[in-house]
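K.L.:
sequence-free structure coming up:
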Ligand SMILES: Nc1ncnc2c1ncn2[C@@H]1O[C@H](COP(=O)(O)OP(=O)(O)OP(=O)(O)O)[C@@H](O)[C@H]1O
Ligand SMILES: [Mg+2]
């Protein structure tokens, strides 16, 4: 399978007055249609890494940060950031990446259907019946005309997943997408999402602190190690294959 993300010596620091956090990724490749978990405790940098993979956060340094969303064209993301090509980054993100935030991030004043169709509208994609068919697979097809505030937490997360893939991105990023749900509901939702993602040939990267879940689903995980360096001032977190 072709390589989608290729990262070498990527560094991102969050330092104030000489103290803080540093994220390192020495060498990671993620291949097309892989299903990868970023596993680690709270504060270890999972969201920071996902934000960089989503092209929403600029690394401080990178020997390599390449993205080949469809396996052919390769974008040098680090160069695009350095050249301040925010519009190009936004276009790549909009076209190729779906992102599910921890709390869903649905717009409260749009109906479920309007929320789901938003990424398609932003890309001028035509209306079709795909919203309804994916909503049916996700079990939210009866909720399409409601506002998100009237849904259960589990239904909202299922809407957030449906929205994130409505424009058929090749990459789906999910940040603790089921953290606010009970474990049984969380596993049910993830099982449906995994099937859907497999069928649509999407590469998926999920942040999770739930090891049991990751092992049970047999996901490839990027392991995280932490150490305190520079006289105790820097909490350094490293993600490796
Ligand atoms: N905007 C920011 N400015 C400064 N520091 C930040 C910022 N965002 C996060 N941090 C710090 O970076 C570190 C990593 O945060 P991050 O949100 O990536 O962790 P996480 O693994 O996603 O944690 P959680 O499991 O709690 O969501 C933390 O120490 C956090 O305080
Ligand atoms: Mg987080």
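P.N.:
Yep, that arrived. All figures in this text were calculated on a predicted structure; none of them were measured in a lab. Ligands and ions are numbered 1, 2, ... in the order given.
K.L.:
can you show me the strands along the protein?
P.N.:
Assigned by DSSP state E, the strands in the chain fall at 3-16, 19-31, 35-39, 64-67, 75-76, 97-100, 171-175, 203-208, 220-229, 234-240.
K.L.:
show me which residues of this protein are close to ligand 1?
P.N.:
Selection of the chain residues close to ligand 1 by C-beta under 6 Å from any ligand atom yields 14, 21, 40, 42-48, 209. The C-beta positions use only the backbone N, C-alpha and C, and glycine is treated the same way.
K.L.:
repeat that with 5 Å
P.N.:
Taking C-beta under 5 Å from any ligand atom as the criterion, the chain approaches ligand 1 at residues 14, 21, 42-48.
K.L.:
follow-up on the earlier one: mean neighbour count for the strands of the chain - can I get that in CSV?
P.N.:
Shown next, in CSV, are the strands of the chain (neighbours: other C-beta atoms under 10 Å):
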stretch, mean neighbour count
strand 3-16, 17
strand 19-31, 17
strand 35-39, 22
strand 64-67, 20
strand 75-76, 16
strand 97-100, 24
strand 171-175, 24
strand 203-208, 25
strand 220-229, 14
strand 234-240, 19
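K.L.:
reformat the ones you listed as JSON lines; add mean pLDDT and distance to residue 124.
P.N.:
Listed next are the strands of the chain as JSON lines, based on pLDDT from 0 to 100; distance: least, C-beta to C-beta, whole Å:
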{"stretch": "strand 3-16", "mean pLDDT": "95", "distance to residue 124": "25"}
{"stretch": "strand 19-31", "mean pLDDT": "95", "distance to residue 124": "29"}
{"stretch": "strand 35-39", "mean pLDDT": "92", "distance to residue 124": "30"}
{"stretch": "strand 64-67", "mean pLDDT": "98", "distance to residue 124": "23"}
{"stretch": "strand 75-76", "mean pLDDT": "97", "distance to residue 124": "21"}
{"stretch": "strand 97-100", "mean pLDDT": "96", "distance to residue 124": "17"}
{"stretch": "strand 171-175", "mean pLDDT": "96", "distance to residue 124": "20"}
{"stretch": "strand 203-208", "mean pLDDT": "93", "distance to residue 124": "24"}
{"stretch": "strand 220-229", "mean pLDDT": "90", "distance to residue 124": "35"}
{"stretch": "strand 234-240", "mean pLDDT": "94", "distance to residue 124": "36"}
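K.L.:
residue 180: neighbour count?
P.N.:
The local packing of residue 180 (other C-beta atoms under 10 Å) involves 15 other residues.
K.L.:
ok, now which ones touch it?
P.N.:
Shown in contact with residue 180 (C-beta atoms under 8 Å, 6 or more residues apart in numbering): 102-103, 153, 157.
K.L.:
roughly how far apart are the closest residue to residue 207 other than its chain neighbours and residue 175?
P.N.:
Nearest residue to residue 207, sequence neighbours excluded (C-beta to C-beta, 6 or more residues apart in numbering): residue 46, at 3.8 Å. To residue 175, residue 46 is 7 Å away according to C-beta to C-beta, to the nearest Å.
K.L.:
common neighbours of the two, please.
P.N.:
residue 207.
K.L.:
lowest-confidence helix or strand of this protein?
P.N.:
helix 211-216 (a mean of 66; mean pLDDT, DSSP states H and E).
K.L.:
find the nearest non-adjacent residue to residue 42, please.
P.N.:
residue 209 (6.5 Å).
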